[in-house]
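Chemist: When you get a sec, could you give me coordinates for this:
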Amino acid sequence: MPAGPTPFGFAYFAGVKFAGYTCAAWALNRTYHSKENSIWKVGGARTALGLAAGAAYGGLFFLMVNRLHFLNDSDYTGVLYLGGLIPIRFLEWSLLIWYFYQRESPNRVLLLRNSTLGIIWSFVLDAIGIYAVFVTPGGAWIC
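Modeler: Now for the predicted structure:
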């Protein structure tokens, strides 16, 4: 039977994301020479935005997979899922960077660069978070 996350597993995943996004906020504060943005506030905002968007996207994706039966047994389902995260994460990072760092003086090149780096960082954190879910006590059940 497939594994499923428990409340502890969700907490581990969210904790990894919060820690990683707080580190990203520290890097963004240095990049934008910002002393007014709290790394905890930016990291928390990015975590909340990601968890909400991820839950909505995940639900819609798996609903679509169940409706389109040819995707159920496809080897490409995971690739499609991860590929669909790229534009969502671009919007998340762009919104976060604009809101906290570029509202007064937009710089599209810097926004694009930092959003791209944020997307890569999000995928790295996914790997760490998923690992934490499956190797920490109470993280996932397998029958």
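Chemist: in this structure, which spans are strands?
Modeler: 4-5, 140-141 (DSSP state E).
Chemist: By mean pLDDT, show me the worst of the ones you listed.
Modeler: Mean pLDDT is lowest for strand 140-141 out of the strands of the chain, coming in at a mean of 55.
Chemist: correct me, but Ala25 touches Asn37?
Modeler: Yes: applying Cβ atoms under 8 Å, one finds Ala25 in contact with Asn37, separated by 7.0 Å. Where C-beta positions appear, they are placed from N, C-alpha and C, glycine not excepted.
Chemist: The two: which is more packed in?
Modeler: Legend: neighbour count by other Cβ atoms under 10 Å for Ala25 and Asn37, higher for Ala25 (24 against 17).
Chemist: Would you mind measuring from that one to Thr77?
Modeler: Going from Ala25 to Thr77 by Cβ to Cβ, to the nearest Å gives 33 Å.
Chemist: Helices along this protein, start to end?
Modeler: Per DSSP state H, the chain carries helices over the ranges 7-31, 39-67, 77-97, 108-135.
Chemist: Touching, Ala132 and Ala11? I think so.
Modeler: No: under the criterion of Cβ under 8 Å, Ala132 is not in contact with Ala11, lying 9.5 Å apart.
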